[in-house]
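**Q** Just to be clear, the model below is a prediction. Sequence and coordinates:
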Amino acid sequence: MQYTHTSLATLKTLLATRLGDAGSAASKVTWTDAAGHSELGLYLKEACRTFQGLTSFFRLRSQAVLSAGVNFYDLPTLFPNELAYTVVDQELIGLIQYHLYEPYSVLAWTGGEQFTLTDLVNALSRARNHFLDDTGIILTRKNPFAVGAGAGLVDVGAALNSDRIIDIMRAQWIDPSNRYYNVWRSDEIYADSLRAKWTLYPGIPYGFSIFGAPPLSVQLTPPPINNGKLELVIIEGGVTLDPTANTNAGTLLAVPDNYASAVKWGAVADLLSREGPAKDPFRADLAKKLYSILIGMAMNTRVIVNAELDGRPVKPDTLFALDAAHQGWEGLSTGAPADLAVMSHNLIAVRPAPDSSPHTLSGNLVVNASFIIPSADAGFVQVGRELIETLLDYAEFLAVFKLGGEESKGMSVLLERFLASCASYNSKLAGAIKAAEATMVPQRQRIEVPRRKMPRALQDRI
């Protein structure tokens with residue numbers, strides 16, 4: 001059953017009333033509700049996305065058919081209706097223009113002299129790449145590439161024809177007989193402690209290091225004794241943003257919809273921190289705070305709540321754990337998948353690869369906020385009555401943000417009230433969880449494959 005108590009049109013009216021700007025769409029002056037780019041609609045859409053990102057409120061039962069012979073799957077591709085990335089640079093550029101109190105014009109700058117459209121695009125691009133690096137939640141599995149015998153230092157950038165590699169999260173060595181071997185994260189100093197002069201004794205690589213290797217390269221330890229292939233899972237920087245691309249449709253950010261606003265806030269913080277007339281430390285700090293909150297939640301959110309393979313319940317584990325328990329599992333014969341591994345927001349794997357018989361993955365997913373906010377004004381917003389004010393608090397915060405000065409100081413109260421409501425909902429969910437490990441897969445993955453040095457106290461808390 002769906003909620004049928006508040007339409008999007010009603011929610012817009014409630015927001016406009018809060019802002020003292022109610023009336024017909026034509027009479028709205030400070031906050032527009034035009035048919036093409038409704039400012040109020042954009043704020044409510046972001047409110048729903050941010051609420052979903054912070055609470056995982058909307059969960060949906062879904063099913064997908066697995067492909068024969070395929071171990072790895074990209075979740076937005078496997079479940080496009082539920083998890084596809086849909087946010088383009090144009091949408092965030094428009095929101096940033098509203099936040100800066102500039103005219104809405106995503107293809108050509110028509111605003112003041114403090115900023116240009118290029119400034120916004122560049123800030124957005126930097127924030128998007130920071131998001132990908134800071135969270136590490138979007139991973140790409142690359143096709144294996146050839147590595148010659150004795151080639152301990154591997155130029156990964158040249159092999160993959162890419163200079164957008166941010167980090168390498170997993171490696172597998174494939175020998176000439178197509179057998180797979182785990183290649184764990186390591187470093188040259190550790191290799192020295194295991195065997196002196198290891199560079200002189202080729203073998204099957206068991207470790208890879210980015211510690212001493214040049215940028216875009218890895219050091220294999222030991223150097224391979226035979227020709228083989230290297231398969232990598234990497235974090236990759238985003239493509240060049242261009243709001244005029246795709247026949248003026250814009251460029252996909254390729255980040256989860258529910259956390260796209262983190263990229264926007266990172267860009268806003270950047271723009272409002274620049275020296276000059278546009279500098280606004282108060283609003284820049286608010287933007288930085290929201291960026292930090294959203295990336296923290298993005299790193300801890302579990303997309304697959306629970307899962308079934310061919311209707312049989314299966315406990316999702318980390319890819320690190322699957323590799324440790326079943327070395328060489330990628331090279332095994334196909335069959336009925338028995339294990340499910342989750343490495344990030346988007347990347348999962350099943351063991352063994354499905355055979356030619358039909359096999360399915362089903363379960364409850366934390367889906368995009370598009371399931372909460374309707375596309376048409378007549379549609380109903382899919383949250384309970386008790387949460388309508390929560391969405392309005394955040395939407396009003398977004399609307400008031402552009403006013404700046406003393407008028408914007410009170411918006412912190414709206415933000416804190418919204419965050420408190422999200423925390424209250426999360427507390428309710430936490431009280432319903434019997435198994436403490438139900439939400440632990442993302443945290444375990446970060447501990448097993450660390451990208452940042454964490455204090456022991458933080459590890460214990462996680």
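**A** Arrived safely, thanks for sending.
**Q** Tell me the pLDDT of residue 451.
**A** In this prediction, residue 451 carries a pLDDT score of 78.
**Q** From residue 233, how far off is the spatially closest residue to it that is not a sequence neighbour?
**A** Excluding the flanking residues, the one nearest residue 451 by Cβ to Cβ, 6 or more residues apart in numbering is residue 136, at 5.5 Å. Using the backbone N, CA and C atoms, a C-beta is placed for each residue, glycine as well. Applying Cβ to Cβ, to the nearest Å, one obtains 11 Å for the distance of residue 136 from residue 233.
**Q** And residue 303, by the same measure?
**A** Going from residue 303 to residue 233 by Cβ to Cβ gives 17 Å.
**Q** Now residue 413, what are its backbone angles?
**A** phi -60, psi -40 (degrees, to the nearest 10).
**Q** Which parts of the stretch 301-450 of the chain are strands?
**A** With DSSP state E, counting those that start in this stretch as the criterion, the stretch 301-450 of the chain has strands at 304-309, 312-314, 317-318, 339-342, 347-351, 360-366.
**Q** The longest one vs strand 304-309, what angle?
**A** I take that to be strand 360-366. 170 degrees (axes from the mean of the first three to the mean of the last three Cα atoms, to 10 degrees).
**Q** what comes into contact with strand 360-366?
**A** Around strand 360-366, the neighbours that count as contacts under Cβ atoms under 8 Å, 6 or more residues apart in numbering are 52, 56, 58-66, 73, 78-79, 82-83, 258, 301-311, 337, 340, 350.
**Q** That one pairs with which strands, parallel or anti?
**A** Next to strand 360-366 in the sheet, as set by DSSP bridges, lie strand 59-65 (antiparallel), strand 304-309 (antiparallel).
**Q** chain center to that strand, what's the gap?
**A** Going by Cα atoms, centre = their mean, to the nearest Å, the spacing between the C-alpha centre of strand 360-366 and its chain's C-alpha centre is 18 Å.
**Q** re earlier: common neighbours of residue 136 and residue 233, please.
**A** Looking at what touches both residue 136 and residue 233 (by Cβ under 8 Å, 6+ apart), the common residues are residue 169.
**Q** Now for residue 314, how many residues are close by?
**A** The number of residues packed near residue 314 is 17, by other Cβ atoms under 10 Å.
**Q** partner residues bridging it?
**A** Following DSSP bridges, residue 314 is listed with bridge partners residue 307.
**Q** List the residues that contact the residue lying closest to residue 215 once chain neighbours are set aside.
**A** The spatial neighbour of residue 215 that comes closest, neighbours along the chain excluded (Cβ to Cβ, 6+ apart), is residue 157 at 7.8 Å. Applying Cβ under 8 Å, 6+ apart to residue 157 gives the contacts 163, 165, 215, 216, 217.
**Q** So which of the strands of the stretch 301-450 of the chain is nearest residue 147?
**A** Each of these has some distance to residue 147 by Cβ to Cβ; the shortest is strand 347-351, at 22.3 Å.
**Q** Let me see the mean pLDDT of the helix or strand containing residue 14.
**A** Assigned by DSSP states H and E, residue 14 falls within helix 8-18. Across helix 8-18, pLDDT averages out at 94.
**Q** how big is the angle separating whichever helix or strand comes after that helix from strand 59-65?
**A** Per DSSP H and E, the first helix or strand lying C-terminal to helix 8-18 is helix 39-55. Here helix 39-55 runs at an angle of 80 degrees relative to strand 59-65 (the same axes, to 10 degrees).
**Q** angle of helix 39-55 against helix 8-18?
**A** Using the same axes, to 10 degrees, helix 39-55 lies at 100 degrees relative to helix 8-18.
**Q** Let me see the contact set for residue 174.
**A** By Cβ under 8 Å, 6+ apart, the residues touching residue 174 are 144, 180, 181, 228, 229, 230, 231, 331.
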